[in-house]
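> here is my input, please return the structure:
(2 chains)
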There are 2 protein chains.
Amino acid sequence: MNIDLSHGSGGKQTSNLIHDIFLKNFDNEILNKLEDAAVLDISGRIAYTTDSFVVTPMFFPGGDIGKLAVCGTVNDLSMMGAKPKYLTAGFIIEAGADMEQLNQIAQTMKITALEADVKIVAGDTKVIEGSGNIYINTSGVGDILKEGVSIQNCSIGDAILLSGNLGEHHAAIMSGRMGIKNTISSDCAPLFSVVSDLLENGIDVRCMRDVTRGGLATVLNEVSESSNCRVEISETSIPVSREVRGFCDILGLDPLYMANEGKMIAVVPGEQAKKALAAMKQNKYGKNAEIIGKITEGSGVSMTTALHGSRIIDILYGEGLPRIC
Amino acid sequence: MNIDLSHGSGGKQTSNLIHDIFLKNFDNEILNKLEDAAVLDISGRIAYTTDSFVVTPMFFPGGDIGKLAVCGTVNDLSMMGAKPKYLTAGFIIEAGADMEQLNQIAQTMKITALEADVKIVAGDTKVIEGSGNIYINTSGVGDILKEGVSIQNCSIGDAILLSGNLGEHHAAIMSGRMGIKNTISSDCAPLFSVVSDLLENGIDVRCMRDVTRGGLATVLNEVSESSNCRVEISETSIPVSREVRGFCDILGLDPLYMANEGKMIAVVPGEQAKKALAAMKQNKYGKNAEIIGKITEGSGVSMTTALHGSRIIDILYGEGLPRIC
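Next up, the predicted model:
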């Protein structure tokens, strides 16, 4: 059965869709009340964010748009040193979308929300003309566990850790779109447990960022700009799997500019770098973590290449891969 | 200048778009930090909600999609007895969208947010292929001022107030789409001040709902279902302007099923009905308010017609007007 414009009317069909798909999967006592807004008990300092997801194809090795929609917002909260608690989900559905596919996406959101220990407490559904695409916006709130984690907070001498291999999400989406057969799977994952492992090991984290659109290069440039510092990284320390490396070589891609959905950087005091690395490596989402560089005086991002040269790493210009998340 | 896929890359063009349009208009100390999530001080109980906006045309008499996007979420929070405080804004932009139109929409959001006394503290931008449409998701959090306001909370003997004329948003959008010339303007407005006037006058509000997609008929059916009661309304008490009435007569529309973006119902104890009405009428967004009915024993929604007959008012079936909000 396909979704049509009547499912966005706000009337009976909308109500049926909400009950049959969203309430069935997201089932919790707050959402089930179907009020105009969820009522929550929160006290103290919270992190609050939003992200929209328009990835194509909607289903790919390692996940689907629903998994992305939960992980993306959970990760943005986690990067502020917050424990993600509640999400909202806004669906914009093109007429013609398959009801069973929507149900699969909602099921993935349910499973991912369970893993990430968050509740989806409010939602919205709109239907537009089109050809069956589904777009999802999520917003999220979380409790701040550590104050002062900020992209403006990095200082000279800090070490930069990367939680694992670059480029897997990008390569998986691109393979899906181009019909290339390989075993590359998206790294899409909720990263709060990695953050939690860092904090519980007493790491005085300065700044964390998930490495999504724009890639590591763009994130490091944001660090350099916001903290008024220079970022120096070493090419040989940057983890990339053999299969992604091969994929990049064939297609002329640079892993530094490729999108990830389950990778983060953490900037930590230099003297805590090894302890932080050990904490990351104990987590299943950080087992390939590496110390990739450091914060120094100056500006911009530079990389010592495998051949001992030095290369300036600029922010991403141009399109990258459209609709990667 | 038109927006293209590179503006959604997460790289330099995305950064330019965010600075030139969103930061310029939404400017506040929280958003300006450009962290992965906003950090907020909140204490106590909060309301939390989300809504997406896909209205076509994006500009219409009385507002635009940006005004809708702020009012819609502000109103959902207000209906829970909450003071709206912070919003997020997620933009999904079709390539080809006009940069100047996007800027106009952001300006309207800025002005409406100022009136509603909310800050836009986090955002996201995605670009998809298409023909220049802009979709906006907003989420919002607010401080609960009155506990227990709920659609499950209406009791026998309660009075139902409607804050003003029905059908104006629906008629304005439909006129715009069909090229009909008239002076009907959308009622789109932030309603927290009406709620605040009720609460400050000591009204023990049971339930509030803004009357959007699906119209008054659908909202009253939701009240009946959630509070296990019968809703009785009187046709002659329902305010509709002469011009909208004429519009409906010509096109065969029923104001009870038409969407509004600046109207709400409030269910209040019967003995407070007149006081509540006076409180509503003192507000510019409630000046045409009326007591339209009451809660009785039983189920469903019935209306005493102008000819003293009785009519069962069902929930909206079918399409209504697609992409009305």
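
> and the angle from the strand ranked longest in chain A to strand B:82-94?
As assigned by DSSP state E, the longest strand anywhere in chain A is strand A:82-94. Using axes from the mean of the first three to the mean of the last three CA atoms, to 10 degrees, the direction of strand A:82-94 lies 50 degrees away from that of strand B:82-94.

> need the next SSE after strand A:82-94, C-terminal direction.
Using DSSP states H and E, the helix or strand that follows strand A:82-94 towards the C-terminus is helix A:99-116.

> buried sites along that following helix?
By 16 or more other CB atoms under 10 Å in any protein chain shown, the buried positions in helix A:99-116 come out as A:101, A:102, A:104, A:105, A:106, A:108, A:109, A:110, A:112, A:113, A:115, A:116. Quick note: C-beta positions are derived from backbone N, CA and C, even for glycine.

> average pLDDT for the helix or strand following it, rounded please.
Using DSSP H and E, the helix or strand that directly follows helix A:99-116 along the chain is strand A:119-128. For strand A:119-128, mean pLDDT is 97.

> and whichever helix or strand comes after strand A:119-128, does that touch chain B?
Next along the chain after strand A:119-128, taking DSSP H and E as the criterion, comes strand A:134-144. Yes - interface with chain B: strand A:134-144 contributes A:135, A:137, A:139, A:140, A:141, A:142, A:144 (CB under 8 Å from any CB of the partner chain).

> just the C-alphas of strand A:134-144, formatted as CSV.
Output in CSV follows, covering the C-alpha atoms of strand A:134-144 (Å, rounded to 0.1, in the frame of the first residue of the first chain):
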residue,chain,number,x,y,z
ILE,A,134,11.0,10.0,2.7
TYR,A,135,12.7,12.9,4.6
ILE,A,136,13.1,12.8,8.3
ASN,A,137,14.0,15.6,10.7
THR,A,138,14.9,14.7,14.3
SER,A,139,15.6,17.1,17.2
GLY,A,140,16.9,16.0,20.5
VAL,A,141,17.5,17.0,24.1
GLY,A,142,20.0,15.6,26.5
ASP,A,143,21.4,16.2,30.0
ILE,A,144,24.8,17.9,30.0
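
> between it and strand B:82-94, how big is the angle?
Using the same axes, to 10 degrees: strand A:134-144 against strand B:82-94 is 140 degrees.

> check for me that residue A:320 belongs to a strand.
No - the assignment for residue A:320 is coil, going by DSSP: H, G, I helix; E, B strand; the rest coil, so no strand is present there.

> ok, now which ones touch it?
A:213, A:214, A:215, A:257, A:259, B:6, B:9, B:10, B:11 (CB atoms under 8 Å, 6 or more residues apart in numbering or on different chains).

> okay but the third one is in contact with residue A:253, surely?
No - using CB atoms under 8 Å, residue A:215 is not in contact with residue A:253, being 10.0 Å away.

> between those two, which contacts overlap?
Counting by CB under 8 Å, 6+ apart, the residues touching both residue A:215 and residue A:253 are residue A:170.

> so which of these two has more stuff around it?
Taking neighbours as other CB atoms under 10 Å in any protein chain shown, residue A:215 and residue A:253 compare with residue A:215 leading, 28 against 19.

> once you drop chain neighbours, what's closest to that one?
Spatial nearest neighbour of residue A:215, chain neighbours left out: residue A:257 (4.1 Å); criterion: CB to CB, 6 or more residues apart in numbering or on different chains.

> any idea of the pLDDT on the one you found?
Per-residue confidence for residue A:257 comes out at a pLDDT of 96.

> likewise for residue A:241?
Residue A:241 is assigned a predicted lDDT (pLDDT) of 98.

> so it makes contact with residue A:165?
Yes - using CB under 8 Å, residue A:241 makes contact with residue A:165 at a distance of 4.8 Å.

> which one's more surrounded, these two?
Taking other CB under 10 Å, residue A:241 and residue A:165 do not tie; residue A:165 has more neighbours (23 against 18).

> tell me the domain boundaries of chain A?
Domain segmentation of chain A under the TED database yields A:43-144, A:158-312.

> quick one: end-to-end length of the longest one, please.
Taking CA to CA, to the nearest Å, domain A:158-312 runs 20 Å from one end to the other.

> next, count neighbours for the residue in the stretch 151-300 of chain A positioned nearest to chain B.
Scanning the stretch 151-300 of chain A for the residue nearest chain B gives residue A:213, at 2.6 Å (criterion: CB to the nearest CB). Per other CB under 10 Å, the neighbour tally for residue A:213 reads 24.

> what pLDDT does it get?
On the pLDDT scale, residue A:213 is placed at 91.

> was I right about it contacting residue B:7?
No - the criterion here is CB under 8 Å, and residue A:213 misses it with residue B:7 at 11.5 Å.

> find residues that contact each of those two.
With CB under 8 Å, 6+ apart as the test, residue A:213 and residue B:7 both reach residue B:14.

> just the helices in the stretch 101-250 of chain A please.
Using DSSP state H, counting those that start in this stretch, the helices of the stretch 101-250 of chain A run over A:168-178, A:192-200, A:215-226, A:242-251.

> rewinding a little: for the residue of the stretch 151-300 of chain A closest to chain B, which non-adjacent residue is closest in space?
Closest residue to residue A:213 apart from its sequence neighbours, by CB to CB, 6+ apart: residue B:10 at 2.6 Å.

> isn't there a strand covering that neighbour?
No - Residue B:10 is assigned coil when assessed by three-state DSSP, not a strand.

> quick one: it and residue A:28, what's the gap?
32 Å (CB to CB, to the nearest Å).

> please say which of the two ends up with more neighbours.
For residue B:10 versus residue A:28, neighbours defined as other CB under 10 Å are more numerous around residue B:10 (24 against 14).

> and that one, what does it touch?
For residue B:10, the contact set (CB under 8 Å, 6+ apart) comprises A:212, A:213, A:214, A:215, A:218, A:259, A:316, A:320.

> got it, and residue A:9?
Residue A:9 touches B:213, B:214, B:316, B:318, B:319, B:320, B:322, counting by CB under 8 Å, 6+ apart.

> mind redoing it with 7 Å?
B:213, B:214, B:316, B:318, B:319, B:320 (CB atoms under 7 Å, 6 or more residues apart in numbering or on different chains).

> the third one: which element?
With elements delineated by DSSP H and E, residue B:316 resides in a region that no helix or strand encompasses.

> my guess is it meets residue A:14, correct?
No - between residue B:316 and residue A:14 there is no contact under CB atoms under 7 Å: 8.7 Å.

> have a look at these two and say which one is more surrounded.
The residue with more neighbours, out of residue B:316 and residue A:14, is residue B:316; 25 against 22, by other CB under 10 Å.

> please name the nearest non-neighbouring residue to the residue nearest the centre of chain A.
Against the mean C-alpha coordinate of chain A, by CA atoms, centre = their mean, the closest residue is residue A:72 at 3.6 Å. Excluding its sequence neighbours, the residue lying closest to residue A:72 (CB to CB, 6+ apart) is residue A:51, at 4.5 Å.

> show me what the strand or helix carrying that neighbour is packed up against.
Per DSSP H and E, residue A:51 falls inside strand A:44-53. Helices and strands touching strand A:44-53, as assessed by 3 or more CB pairs under 7 Å, 6 or more residues apart in numbering or on different chains; DSSP states H and E, comprise helix A:65-78, strand A:134-144, strand B:38-42, strand B:82-94, strand B:119-128, strand B:134-144.

> who wins for proximity to residue A:232 among those?
Of all the helices and strands packed on strand A:44-53, the one in closest proximity to residue A:232, counting by CB to CB, is helix A:65-78 (25.3 Å).

> give me the helices and strands touching the closest one, please.
strand A:44-53, strand A:82-94, helix A:99-116, strand A:134-144, helix A:192-200.

> adding mean pLDDT, write these out as TSV.
Shown next, in TSV, are these (pLDDT from 0 to 100):
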stretch	mean pLDDT
strand A:44-53	96
strand A:82-94	98
helix A:99-116	98
strand A:134-144	97
helix A:192-200	98
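
> most tightly surrounded among the ones you listed?
Of all the helices and strands packed on helix A:65-78, strand A:134-144 has the most neighbours on average by mean count of other CB atoms under 10 Å in any protein chain shown, namely a mean of 28.

> partners of that strand in the sheet?
strand A:44-53 (antiparallel), strand A:82-94 (antiparallel) (DSSP bridges).
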